[in-house]
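>>> I'll drop the sequence and a predicted model, then ask my questions.
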Amino acid sequence: MEQITKRLMNWASILEPDTRAQAERLSRMPFVHPHVALMPDAHLGKGATVGSVIPTAGAIIPAAVGVDIGCGMIAVRTQWAESDFRDTLGPDGLRYLRERIERAVPLSAGKYNQRVEVSAVPRLVDLELLADAAGFDPAAYAPNWKLQLGTLGSGNHFIEVSVDEEDRVWLFLHSGSRGVGNKIAQHHIRVAQQLAERYFIPLEDPDLAYLVDGTPEFDRYIAELGWAQQFALLNREEMMHRVIAQVELVTGGAVVESERVNCHHNYTTQERHFGKTVWLSRKGAIDASEGTLGLIPGSMGDLSYVVRGRGNRLALNSSPHGAGRNYSRSAARRTFTHEQLREAMAGIEYRDTDAFLDEIPAAYKPIDVVMQDAADLVDVVHTLSQIVNVKGD
């Protein structure tokens with residue numbers, strides 16, 4: 001851990017100067033208490049650094065949570081040993097499983113369900129009741145929000161089949177609150193910026209605009225934020241239900257779960273730190289309170305980890321959420337080739353297309369370095385290696 005300033009603590013051994021400067025601007029906001037914690041995967045974000053933990057008292061910065069509200073991971077450990085799993089699927093079974101998953105879960109930005117699936121109905125009922133309690137209509141943001149439940153998105157969102165250190169097969173996926181969460185976030189970021197302009201509030205970055213606790217704007221944001229976070233969690237549950245169904249179809253046997261972890265890494269919650277109850281925004285970070293299980297995926301084609309939090313107080317009981325980018329998407333496309341992507345994905349069943357070039361492992365920080373930096377934040381419970389990778393364009 002490196003103390004950059006009194007209000008900024010850093011766990012990243014790889015930290016670009018512009019990322020550090022952005023985090024310093026964030027840490028100077030007067031309502032930060034007691035400091036911002038930078039995780040090992042920290043990299044430049046919009047307004048707030050991705051891989052930062054931001055405790056605020058009396059105010060909240062909507063852009064510090066970001067536009068993919070509730071984004072996170074879910075993983076399920078099955079009863080299958082890898083050799084038995086492969087034998088059951090047959091010589092071309094991994095490709096067949098990948099293609100079935102790609103048909104069962106809508107992939108890519110703007111791709112949604114054609115109809116409400118039966119499995120999604122109880123989750124949608126829960127979300128309708130929550131929206132009623134929060135006093136808003138999600139359809140005002142996205143008329144088709146119900147069709148978005150159970151969809152993946154694009155970018156670094158993924159569905160994977162992996163194998164752990166004991167040769168056990170895991171199902172693992174990453175997604176958030178989709179288009180409806182994005183619209184909710186953008187609305188409240190604009191509201192915060194409009195208030196800053198109206199009241200002549202000076203900001204080093206417009207995306208540091210904030211809402212003040214006790215105002216109607218703050219209360220509405222918190223209510224809709226909570227709804228979007230629950231949407232994201234149930235979105236992952238619905239997709240996992242469909243992935244499990246496809247595994248059961250191709251293997252001819254029921255999946256028996258021995259472990260399941262579902263955790264956010266873009267969200268806000270109330271927690272108590274250093275003697276004060278604060279709004280804690282984890283933007284690209286997971287809850288690593290003592291004993292809490294979490295998920296830290298590597299990049300496409302790299303290792304992922306199931307971890308247990310160590311409850312590091314200075315890190316605000318948090319840890320990294322992944323590898324963290326070293327190259328922007330456009331820079332990765334300029335730098336790497338389709339053949340390099342193929343080499344990086346050797347031995348993994350995936351859709352071979354240069355659409356994924358910006359997700360090549362070399363575009364990210366080495367996950368082993370991130371995990372070394374996180375040694376005082378989490379303990380590794382399981383180490384996962386991919387055998388199937390599903391992504392949207």
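Thanks, I have the structure now. What you see is a predicted model; the values in this text were computed from it and never measured.
>>> against Phe85, how distant is the residue nearest in space to the middle of the chain?
The centre of the chain sits closest to Gly72, judged by C-alpha atoms, centre = their mean, with a distance of 3.2 Å. Here Gly72 is placed at a distance of 26 Å from Phe85 (C-beta to C-beta, to the nearest Å). Just so you know, the C-beta spots here come from the backbone N, C-alpha and C atoms, and that holds for glycine as well.
>>> and for Leu173?
If you go by C-beta to C-beta, the gap between Leu173 and Phe85 works out to 18 Å.
>>> cool, Asp18 as well?
When distance is defined by C-beta to C-beta, Asp18 is 44 Å away from Phe85.
>>> in stretch 383-393, what counts as buried?
383-392 (16 or more other C-beta atoms under 10 Å).
>>> re earlier: of Leu173 and Phe85, which one has the most company?
Between Leu173 and Phe85, Leu173 has the larger neighbour count (other C-beta atoms under 10 Å), namely 26 against 23.
>>> quick one, longest strand in this structure?
Taking DSSP state E as the criterion, the chain has its longest strand at strand 378-391.
>>> and that one, what other elements does it pack with?
helix 93-104, strand 158-163, strand 168-175, strand 293-297, strand 304-309 (3 or more C-beta pairs under 8 Å, 6 or more residues apart in numbering; DSSP states H and E).
>>> now do that strand against strand 304-309, angle only.
With axes from the mean of the first three to the mean of the last three C-alpha atoms, to 10 degrees applied, the angle from strand 378-391 to strand 304-309 works out at 150 degrees.
>>> ok, the nearest residue to Leu384 once chain neighbours are set aside - contacts?
Nearest residue to Leu384, sequence neighbours excluded (C-beta to C-beta, 6 or more residues apart in numbering): Ser162, at 3.9 Å. Shown in contact with Ser162 (C-beta atoms under 8 Å, 6 or more residues apart in numbering): 169-172, 304, 384-387.
>>> and with 7 Å instead?
The contact partners of Ser162, by C-beta atoms under 7 Å, 6 or more residues apart in numbering, come to 170, 172, 304, 384-387.
>>> dump the residues you listed into JSON lines; add distance to Thr337 as well.
Shown next, in JSON lines, are the contacts of Ser162 (distance: C-beta to C-beta, whole Å):
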{"residue": "Trp170", "distance to Thr337": "30"}
{"residue": "Phe172", "distance to Thr337": "27"}
{"residue": "Ser304", "distance to Thr337": "25"}
{"residue": "Leu384", "distance to Thr337": "27"}
{"residue": "Ser385", "distance to Thr337": "24"}
{"residue": "Gln386", "distance to Thr337": "21"}
{"residue": "Ile387", "distance to Thr337": "24"}
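>>> which two of those have the greatest separation?
Across the contacts of Ser162, the longest distance by C-beta to C-beta is 12.1 Å; it joins Ser304 and Ile387.
>>> surely Leu38 is within a helix?
No - secondary structure assignment (DSSP: H, G, I helix; E, B strand; the rest coil) places Leu38 in strand, not in a helix.
>>> do you know how far the residue nearest to it when sequence neighbours are not counted is from Gly181?
Using C-beta to C-beta, 6+ apart and skipping residues adjacent in sequence, the residue nearest Leu38 is Asn10, 4.3 Å away. Between Asn10 and Gly181 the computed distance is 29 Å (C-beta to C-beta).
>>> okay, those two: which has more neighbours?
Taking other C-beta under 10 Å, Asn10 and Gly181 do not tie; Gly181 has more neighbours (31 against 22).
>>> which residues are in contact with the closest residue to Pro40 other than its chain neighbours?
Using C-beta to C-beta, 6+ apart and skipping residues adjacent in sequence, the residue nearest Pro40 is Asp373, 3.4 Å away. Asp373 is in contact with 11-13, 40, counting by C-beta under 7 Å, 6+ apart.
>>> can you pull out the helices in the stretch 201-350 of the chain?
All helices of the stretch 201-350 of the chain, identified by DSSP state H, counting those that start in this stretch, fall at 216-251, 329-335, 338-344.
>>> now, the contacts of Asp373 that are in strands?
Applying DSSP E to those, the entries found in strands are Pro40.
>>> pull the most distant pair out of the contacts of Asp373.
Longest distance between any two of these is 8.1 Å, between Trp11 and Ser13; criterion C-beta to C-beta.
>>> tell me which of those two has more neighbours.
Neighbour totals were compared for Trp11 and Ser13, and Trp11 leads with 27 against 12 (other C-beta under 10 Å).
>>> helices of the stretch 51-200 of the chain, residue ranges please.
For the stretch 51-200 of the chain, the helices defined by DSSP H, counting those that start in this stretch cover 62-65, 82-89, 93-104, 121-134, 145-148, 178-198.
>>> check those helices for me and report the most buried one.
Highest mean neighbour count among those (mean count of other C-beta atoms under 10 Å): helix 62-65, with a mean of 28.
>>> packing partners for that helix?
Packing contacts for helix 62-65, counted by 3 or more C-beta pairs under 7 Å, 6 or more residues apart in numbering; DSSP states H and E, involve helix 178-198, strand 266-273, strand 276-283.
>>> give the rounded mean pLDDT of the first one.
It refers to helix 178-198. Taken as a whole, helix 178-198 has an average pLDDT of 98.
>>> likewise for the last one?
Average pLDDT, strand 276-283: 98.
>>> direction included, what does that strand pair against?
When pairing is defined by DSSP bridges, strand 276-283 lines up against strand 50-56 (antiparallel), strand 266-273 (antiparallel).
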